[in-house]
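S.K.: curious how this folds, go ahead:
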Amino acid sequence: MARRPRQESAAPAAPVTVTVCRGCCCGSAAKHPGVDHAGQLERLRAGVGTAGKVRAVDCLDACGHSNVVVVSPSAEGRKAGGRPVWLGWVLADDMLDEVVDWVRAGGPGIVPPPGMLDLQEFTVSRRIREGLPG
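M.R.: Here you go, the predicted structure:
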């Protein structure tokens, strides 16, 4: 009996990932009254759709920049030199729209951040960066 050649199944490439801090300060109505934190997360998830993935984590330990969002490159973006981009003070709908637009366009390493997102960018210490959940 002849064997058919084995087909290699290509694993899906890692998508752009948006990590949203929702721990002590970032998800706090006490710190950011009037901000619909749950609504922000749903807005990101709906906007990003299948272009990437959105996840919420308890705390990214960058409370001085609350509300923190980290946009991590796709596998393709990482190959092109993209690295995670930490964004602070992501509170307004237009900022969320820019994050969604960026993810849908390819994210870090593929296209520069749109609009005013570069003004929201900040650098974290290596200790914090290496503690980012995978």
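
S.K.: what's the neighbour count on residue 110?
M.R.: Residues within reach of residue 110, counting by other C-beta atoms under 10 Å, total 18. C-beta coordinates here come from the backbone N, C-alpha and C atoms, glycine included.

S.K.: any idea how far residue 117 is from the closest residue to it other than its chain neighbours?
M.R.: Spatially, and ignoring its direct neighbours in sequence, residue 110 is nearest to residue 77 (4.8 Å; C-beta to C-beta, 6 or more residues apart in numbering). According to C-beta to C-beta, to the nearest Å, residue 77 stands 15 Å off from residue 117.

S.K.: of the two, which one has the most company?
M.R.: Set side by side, residue 77 and residue 117 show more neighbours around residue 77, with 22 against 19, by other C-beta under 10 Å.

S.K.: tell me, what's the model's pLDDT at that one?
M.R.: pLDDT, residue 77: 97.
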